[in-house]
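Colleague: Need a 3D model of the sequence below.
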Amino acid sequence: MGGTSGAAAGAALQQMVQDMAARAGATLGSIEALPAEPTGRYRRIAVRASVSVPWPALVQLLQALEDAQPAMLVDD
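Modeller: Next up, the predicted model:
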């Protein structure tokens, strides 16, 4: 997400997560971009999402998040 602004990077990340959820068959209850946070030389770009999903689709969604580029981390 390179040199884009925090807001633009957050919107791009939000779209990526929405696309991954749709491909996995997950229903997004809500998703929101959070403010960017500087962490050393990088910025932490985050979204908060709630999903309703059957177990096999959850596994598929988590796998897509793990394999994504740029790297994504899942937190509770």
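
Colleague: The residue nearest the centre of the chain in helix, strand or coil?
Modeller: Per C-alpha atoms, centre = their mean, the C-alpha nearest to the average position across the chain is that of Val17, at 4.2 Å. Following DSSP: H, G, I helix; E, B strand; the rest coil, we place Val17 in the helix state.

Colleague: just the helices in the chain please.
Modeller: For the chain, the helices defined by DSSP state H occupy 6-24, 55-67.

Colleague: mind listing what the nearest residue to Thr27 once chain neighbours are set aside touches?
Modeller: Nearest residue to Thr27, sequence neighbours excluded (C-beta to C-beta, 6 or more residues apart in numbering): Ser52, at 4.6 Å. Any C-beta I mention is one placed from the backbone N, CA and C, and that applies to glycine too. Residues near Ser52 by C-beta atoms under 8 Å, 6 or more residues apart in numbering: Ala26, Thr27, Gly29.

Colleague: Which of the residues you listed has the largest number of neighbours?
Modeller: Ala26 (21 neighbours; other C-beta atoms under 10 Å).
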